[in-house]
Structures are given as structure tokens and as C-alpha cells.
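Trainee: sequence and predicted model, in that order:
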2 protein chains.
Amino acid sequence: MKKKTKKVNAAILIIGNEILSGRTQDKNIAFISNWLNSNCGIIVNEVRIIPDVEKTIVINVRSLSKKFNYVFTTGGIGPTHDDITAQSIAKAFDLKYNYHKEAYKILENYYGKKKFNDGRKKMAKMPNGSKLIYNPSSAAPGFKTRNVLSLPGVPSILKSMIENCKKYLIKGSKVHSRSINLFTVESNISKKLGVIQKKYKKIVDVGSYPFFRLGKIGVSIVTRSTSKIKLKQVEREILKVVKLKKIKILKI
Amino acid sequence: MKKKTKKVNAAILIIGNEILSGRTQDKNIAFISNWLNSNCGIIVNEVRIIPDVEKTIVINVRSLSKKFNYVFTTGGIGPTHDDITAQSIAKAFDLKYNYHKEAYKILENYYGKKKFNDGRKKMAKMPNGSKLIYNPSSAAPGFKTRNVLSLPGVPSILKSMIENCKKYLIKGSKVHSRSINLFTVESNISKKLGVIQKKYKKIVDVGSYPFFRLGKIGVSIVTRSTSKIKLKQVEREILKVVKLKKIKILKI
């Protein structure tokens, strides 16, 4: 029996002037994308990086949450004035922005009543009806509002929380990939690859990426599909037509 | 006399399944953003990462080119079947997609007539009326179509070409920034920072970013403005109200 492919997709919305300005190198996109595919069979189809501006966050949350099964936001859920993700998501969905009782308790316990100041209290405010994403490293929880999951921007904290998103996600079919590394240049194999891609359209995605290593030029042909069998079949066909031997290199 | 601030903005459109899937860590966003601000006073206001799908490229090129002064695309201008940036931009602007005479000559000279195969010829095809962005490292030029500048995805080649974009860009006012690093936690200073941000709204942008280093927790307060004088003024005010000493740390 043929296994049916279940496509579940997501967008990532990075909220933060520091990434846009180039001051900080983003590390969350590749991590979330890899995690979603490996653990949940969810494919990231779009990423946007936007500034800490309420109107911009509202517009993007609205449009991405309609277009994709899930939206993951990162950044802007801390205690300072530029942390406006929660209030902006509330606005995007016309929800009230209130203290989440459980989040309030978690934070009050963590800091102690005396040190539970206004900035810290702010981290317990969320769009009404949000579900918590627990934070094992620094207490302040993320939250899920409709199909939008909000995580912090600090990569180490985000990583510690990602497993707690799992229970909110429907699983899709995992996309497997194979890399075929050849010592050649793209333009020598581009025509043959194009023919194979056409043949396997919508079944196997064939990408080609040049690399430069140890003074040599090469091409990584990356094939991606939900079917491992089709991947192997395409790899055999590629190696047959390009008439080159696969080389072993370390993963990039 | 007051110097008038000239705001020029841009968006970056990263085209490539390999970045979306998490296989490749993007290195171009931070580089382009820093370069544009330092060299041209152009601020990047949005970044999008999208797959190699013609329809998606067309929609995004159309919407971003209307919204921003410039759009920089990266990726998809090589010789293979998945390199569809040029034809998609032509479609977005209803332009013909033809050989660019000068680009054809450059590539023919570079490869030699005998080795100038179809894949290589493809790299000379561009939206009608495009201007070239010369490529000193691997010959295949980028191109400017209307307000969209298309560069390759390989970071080293992109870097070698970026200076050749300058002649097509109107200069804006450079945004300067200062970092104030403190050993404290965000929630201890969030209220005071919020007051200062309110006071200098639209003149100085105040961002706050936690860091963890050498076992200590700290906060980088990053101020950004086109006015160096206002930046110094805000820094003095911040240090006064937080009652903490600036620490010297290496730049992140």
C-alpha cells in the first residue's frame, strides 16, 4: 500500500532589530527548521525577519498565520520596552492582553515575591487563551496563541524550550535528504540534472550547490523527498548520467 | 543648522531551499545589512527567506519592491535548473527574459567559446533592460532590474561583488550605534530604559539584549541613531539612571 504523504508547513517570524541591523548573527532559523523537520515532519516554507514595531508584527502575524499551519516567532518576549511580541500577537487576533495565571505563578515562584518587579511581571502577560510553552532554563514561558508559537530570541534558551512545543504540533511526513558530492562544476551537469528534476517533479526535489574545499571546486547535489526509496532511485540515476564518482566529504 | 535625515531603506530576499531547510546557515543577511548601513546609509527593514518556486519569488519581488527603496536578492542566479531568480524577476515586472549582450560576452570570454555550454549561457539571460553588477571572482554578473539588485548566494562571491552595487544606490543617513554593557539583568533596568526610550522616540532607538559570558549575566543596551550627539546624550542619561558602571567586553 502506498503511504500517503501528509504535508504540514510552518513559517518562522524573527522579531528583532538586532538581527535586521546585522549586529547579531541569527542562529535560530537553521535550528528551528532542522528540528521541525527531524522531529515533527514539518517543513518551513517561509522566514521573515522584521523590526520591533507593533504594526509590522501585527501585519506579519496575521498574514503568515493564515498562510501556514504554524508560525514560530522568536524574540521580543522579555521584560523590556522593546519586547512587544505578546501584545502585538494579542492585537493581531483581537484578543485581550492579560496576566496568564499559571505564568504569573511560575515567575513569582522563580523570582520570589520581593523581587517580582514590574519588568518580570510583564513576562506573564499574554494574549488571552494562550497555552504555555515551559522554559526549563530561565522560567519565563513562551506561549501558543491560535497557531502561533512564541519563543525567546536567545538561542540557548530557545533550544531548551523547543521540545515543549511538540505537544501542540500535528505531525507531518518527514522529508529525507541525501547529498551527492562531486568534483565538477555546476554548468557541466546542469542540463542532465534538469532532465532528472523534470522527471521526478513533485516527488523528489533536486538542488545543486557549489562548494570550494581544499583548493578544489565541487558540487553538492542535494535531493529531498518524503520517500527514501525514490531518493535512492534518483541518486542512482544521477550518478549514471553524470558519469562521475561520489566523493566523501564532511557534512557542511 | 540642523542636518536633515534622509531615510533610505531596503529589503533582503534570500532565495534558496537550502537556507529554509536549515541545511545551510545563512551568512549573507548580516553582511549585506552591515555593508548597506556602513557604506550607503541604507537601513534593512525586512528580510524574507523563500523557496526556489517561481510563483513565490514573483509575489515577493512585487510586494517588496513596492514597499522599499531597494530589494537585494541572493541566490538562484547560477547555471542549474533550480536557478530561477532572473526569469522570476522578469515575470514579476512583466519584462522579457533575454540574453544580456555584455553579460554574454563576459561569460564567453571567461569560459572560451568551446566550453561555453548551455548552463553557462543561461547565466547571461536576464530581465530586459537590466544593468550588470560585475563579478570579479567568478565572472557571472549579478544584475539590477528596476530597484531590485540580484546577487549570488555563495557568500565569498557575493562579498567580492557588493562594492559594484554602490553606483546604483542613493545614499541615506548612516545609523550610528553605541553599546552599553552592564552586569545586571534586564528586568532590573527595564522600567528606566522604557522611560528614556519614550523620551527619545523616533530620535534614538534603544534596544536591550541579555548576554551570558564568563559565568556572568549581563545586558547590552544598544542605542541607534543618525545623530552621534543624541547617542552620547542618551548614553549619559542611561548610565545616570541605572546607577551602574559600563563594562568593557569584546564585541559580539
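Mentor: Ah, there it is. Residues are numbered from 1 along each chain as shown, chains lettered A, B, ... in the order given.

Trainee: I'd like to know how many residues surround residue A:170.
Mentor: Per other C-beta atoms under 10 Å in any protein chain shown, the neighbour tally for residue A:170 reads 11. For glycine as for every other residue, the C-beta is placed from the backbone atoms N, C-alpha and C.

Trainee: contacting residues for the nearest residue to residue A:38 once chain neighbours are set aside?
Mentor: Nearest non-adjacent residue to residue A:38, counting by C-beta to C-beta, 6 or more residues apart in numbering or on different chains: residue A:174, 7.1 Å away. By C-beta atoms under 8 Å, 6 or more residues apart in numbering or on different chains, the residues touching residue A:174 are A:37-38, A:41, A:226.

Trainee: most neighbours out of the residues you listed, which is it?
Mentor: Top of the contacts of residue A:174 by neighbour count (other C-beta under 10 Å): residue A:37, with 22 neighbours.

Trainee: near chain B, which residues of the stretch 151-252 of chain A show up?
Mentor: Contact residues, the stretch 151-252 of chain A versus chain B (C-beta under 8 Å from any C-beta of the partner chain): A:154, A:156, A:175, A:177, A:186-191, A:193-194, A:197-198, A:205-210, A:212, A:222, A:224, A:252.

Trainee: in helices, which of the contacts of residue A:174 fall?
Mentor: A:37-38 (DSSP state H).

Trainee: hmm, back to that, hmm, which of the residues of the stretch 151-252 of chain A next to chain B are the buried ones?
Mentor: A:154, A:175, A:186-191, A:193-194, A:197, A:205-210, A:222, A:224 (16 or more other C-beta atoms under 10 Å in any protein chain shown).

Trainee: restricted to strands, list the residues you listed.
Mentor: Cross-referencing those against strands under DSSP state E gives A:205-210, A:222, A:224.

Trainee: just give the number of residues close to residue A:228.
Mentor: 11.

Trainee: that one touches residue A:176, doesn't it?
Mentor: Yes. Counting by C-beta atoms under 8 Å, residue A:176 is a contact partner of residue A:228 at 5.3 Å.

Trainee: still on that earlier bit, what's the lowest-pLDDT member of the ones in strands among the buried ones among the residues of the stretch 151-252 of chain A next to chain B?
Mentor: Across the set of those, residue A:210 stands lowest in pLDDT, at 87.

Trainee: is it bridged to anything, and to what?
Mentor: Under DSSP bridges, the beta-bridge partners of residue A:210 are residue A:219.

Trainee: residues contacting it?
Mentor: So residue A:210 contacts A:185-186, A:217-220, B:78, B:154 (C-beta under 8 Å, 6+ apart).

Trainee: need these in TSV with pLDDT, can you?
Mentor: Rendered in TSV, the data for these read as follows (pLDDT from 0 to 100):
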residue	pLDDT
A:185	88
A:186	90
A:217	85
A:218	89
A:219	91
A:220	91
B:78	92
B:154	94
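
Trainee: state the pair within those that is farthest apart.
Mentor: Using C-beta to C-beta, those span at most 13.8 Å, a distance reached by A:218 and B:78.

Trainee: more neighbours, those two?
Mentor: residue B:78 (26 against 18).

Trainee: just the C-alphas of the helix or strand of chain A with the lowest mean pLDDT, formatted as CSV.
Mentor: In chain A, no helix or strand scores lower on mean pLDDT, DSSP states H and E than strand A:205-213, which sits at a mean of 87. Extracted in CSV, the C-alpha atoms of strand A:205-213 (Å, rounded to 0.1, in the frame of the first residue of the first chain):
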residue,chain,number,x,y,z
ASP,A,205,13.4,18.0,-5.0
VAL,A,206,16.8,18.3,-6.6
GLY,A,207,19.1,21.2,-5.5
SER,A,208,22.6,21.9,-6.6
TYR,A,209,25.1,23.9,-4.6
PRO,A,210,28.7,24.6,-5.5
PHE,A,211,31.4,24.2,-2.8
PHE,A,212,35.1,25.2,-2.6
ARG,A,213,37.2,23.0,-0.4
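
Trainee: so what's the gap between that strand and the chain middle?
Mentor: Mean-position distance between strand A:205-213 and its chain equals 22 Å (C-alpha atoms, centre = their mean, to the nearest Å).

Trainee: same thing with stretch A:192-201?
Mentor: Its chain's C-alpha centre and that of stretch A:192-201 lie 28 Å apart, by C-alpha atoms, centre = their mean.

Trainee: quick one: mean pLDDT for it?
Mentor: On average, stretch A:192-201 scores 94.

Trainee: what's that stretch in contact with?
Mentor: Under C-beta under 8 Å, 6+ apart, the answer for stretch A:192-201 is A:204-206, A:208, A:221, A:230, A:234, A:237-238, A:241-242, B:80-82.

Trainee: flag the shaky bits of chain A, pLDDT-wise.
Mentor: Low-confidence segments of chain A (pLDDT under 70): A:1-3, A:249-252.

Trainee: show me how the record splits it into domains.
Mentor: A:8-168, A:176-242 (automatic domain parsing).

Trainee: just name the most buried of the ones you listed.
Mentor: domain A:8-168 (a mean of 20; mean count of other C-beta atoms under 10 Å in any protein chain shown).

Trainee: start to end distance for it?
Mentor: End-to-end distance for domain A:8-168, by C-alpha to C-alpha, to the nearest Å: 13 Å.

Trainee: then stretch A:170-188?
Mentor: Stretch A:170-188: ends 42 Å apart by C-alpha to C-alpha.

Trainee: you'd agree residue A:147 is up against residue A:69?
Mentor: Yes. Using C-beta under 8 Å, residue A:147 makes contact with residue A:69 at a distance of 6.5 Å.

Trainee: quick one: residue A:188 and residue B:120 touch, right?
Mentor: No. Under the criterion of C-beta under 8 Å, residue A:188 is not in contact with residue B:120, lying 9.3 Å apart.

Trainee: so where do the strands sit in the stretch 1-150 of chain A?
Mentor: All strands of the stretch 1-150 of chain A, identified by DSSP state E, counting those that start in this stretch, fall at A:8-15, A:42-50, A:70-74, A:97-99, A:125-127, A:131-135, A:139-145, A:148-151.

Trainee: to residue B:88, which of these lies closest?
Mentor: Per C-beta to C-beta, nearest to residue B:88 of the strands of the stretch 1-150 of chain A: strand A:42-50, 15.5 Å.

Trainee: does anything pack onto the closest one? Which helices or strands?
Mentor: strand A:8-15, helix A:17-20, helix A:28-40, helix A:54-67, helix B:17-20, strand B:42-50 (3 or more C-beta pairs under 8 Å, 6 or more residues apart in numbering or on different chains; DSSP states H and E).

Trainee: switch the cut-off to 7 Å
Mentor: strand A:8-15, helix A:28-40, helix A:54-67, helix B:17-20, strand B:42-50 (3 or more C-beta pairs under 7 Å, 6 or more residues apart in numbering or on different chains; DSSP states H and E).

Trainee: that strand pairs with which strands?
Mentor: Going by DSSP bridges, the partners of strand A:42-50 are strand A:8-15 (parallel), strand B:42-50 (antiparallel).

Trainee: CA atoms only: put that strand into CSV for me.
Mentor: C-alpha atoms of strand A:42-50 as CSV (Å, rounded to 0.1, in the frame of the first residue of the first chain):
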residue,chain,number,x,y,z
ILE,A,42,7.0,20.0,9.5
ILE,A,43,8.5,21.9,6.6
VAL,A,44,9.5,25.6,7.0
ASN,A,45,8.2,27.4,3.8
GLU,A,46,9.0,31.0,4.7
VAL,A,47,11.1,33.0,7.1
ARG,A,48,10.7,36.7,7.7
ILE,A,49,12.9,39.0,9.8
ILE,A,50,11.1,42.2,11.0
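
Trainee: now render the contacts of residue A:210 as CSV, adding distance to residue B:247.
Mentor: Formatted as CSV, the contacts of residue A:210 follow (distance: C-beta to C-beta, whole Å):
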residue, distance to residue B:247
A:185, 50
A:186, 49
A:217, 46
A:218, 46
A:219, 47
A:220, 43
B:78, 46
B:154, 38
